[in-house]
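Participant: what follows is a predicted protein model with its sequence.
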Amino acid sequence: MSFRQVIRWLRTPVTLVVLLVVLGYGAWWGYKAVLTVPVSTVNACVSEPVTQLTPDKVTVRVLNGGDIKGYATEVAKVLKARGYNISVVSNTSETITSPVIVGGTVDSPAMKLVASNFPEATLRADNRNDGTVDVLIGAKTDKTLPATGFSTAIPVPNGKACLPKSQISSGSPSATPTASVT
């Protein structure tokens, strides 16, 4: 068999393998993109004068990173009953063993208020500017979301909180958009 014949014979299988690799990578990338909850950079929060932050002013996304199917829905129902606004209940591709609270800054009153519901939670800042808070949950234990001991309001040190646009009372003349989370 000549060299040209070998090249001709190998051209089709090699092309097919390359196309399958490209297709596999595209499928993997698409799957990851679907599971990733994007962090909004367009929906900046609004700085609102408040002395105490209550759950009705906080928007929460609950994401399940554990093995228990439907656990995010259970946690979302409890948080909703406690007065929080639940915007998303979904899964995260991140494997979670103990609760993680994610928001703009670790010092954010909204993050601290939500974290009071999860005594063993880790706080993580991601510099988001939309005023929402993510709750990433994993293993289900009695300590994850206790029935008592959580805060129903938290003082706002500087008198202003960065609230999601959807939580601002209509007709508030003092509401001004801001790009920072306080």
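Facilitator: That came through fine.

Participant: give me the element the residue nearest to the spatial centre of the chain is part of.
Facilitator: Nearest residue to the geometric centre of the chain (Cα atoms, centre = their mean): Asp134, 3.7 Å. Element membership of Asp134 [criterion: DSSP states H and E] is strand 133-137.

Participant: how far away is the closest residue to the residue nearest to the centre of the chain other than its chain neighbours from Gly65?
Facilitator: Nearest non-adjacent residue to Asp134, counting by Cβ to Cβ, 6 or more residues apart in numbering: Val102, 4.1 Å away. Backbone N, C-alpha and C define where each C-beta goes, glycine included. Here the criterion is Cβ to Cβ, to the nearest Å. By it, Val102 lies 11 Å from Gly65.

Participant: so for those two, which residues contact both of them?
Facilitator: Residues within reach of Val102 and of Gly65 at once, by Cβ atoms under 8 Å, 6 or more residues apart in numbering, are Leu136.

Participant: more neighbours, the two?
Facilitator: Using other Cβ atoms under 10 Å, the more surrounded residue of Val102 and Gly65 is Val102, with 23 against 19.

Participant: could I have the helix or strand containing the more buried one exported to PDB, CA atoms only?
Facilitator: Taking DSSP H and E as the definition, Val102 sits inside strand 100-103. Extracted C-alpha coordinates of strand 100-103, given in PDB (Å, rounded to 0.1, in the frame of the first residue of the first chain):
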ATOM      1  CA  VAL A 100     -22.900  29.000  51.800                       C
ATOM      2  CA  ILE A 101     -24.400  32.400  51.600                       C
ATOM      3  CA  VAL A 102     -23.300  34.500  48.600                       C
ATOM      4  CA  GLY A 103     -23.800  38.200  48.000                       C
END
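
Participant: packing partners of that strand?
Facilitator: Applying 3 or more Cβ pairs under 8 Å, 6 or more residues apart in numbering; DSSP states H and E, one finds that strand 100-103 contacts helix 109-115, strand 122-125, strand 133-137.

Participant: state which helix of this structure is the longest.
Facilitator: helix 3-35 (DSSP state H).

Participant: what's the average pLDDT for the helix or strand following that helix?
Facilitator: Going down the chain from helix 3-35, the next helix or strand is strand 46-49, by DSSP H and E. Strand 46-49 shows a mean pLDDT of 80 in the predicted model.
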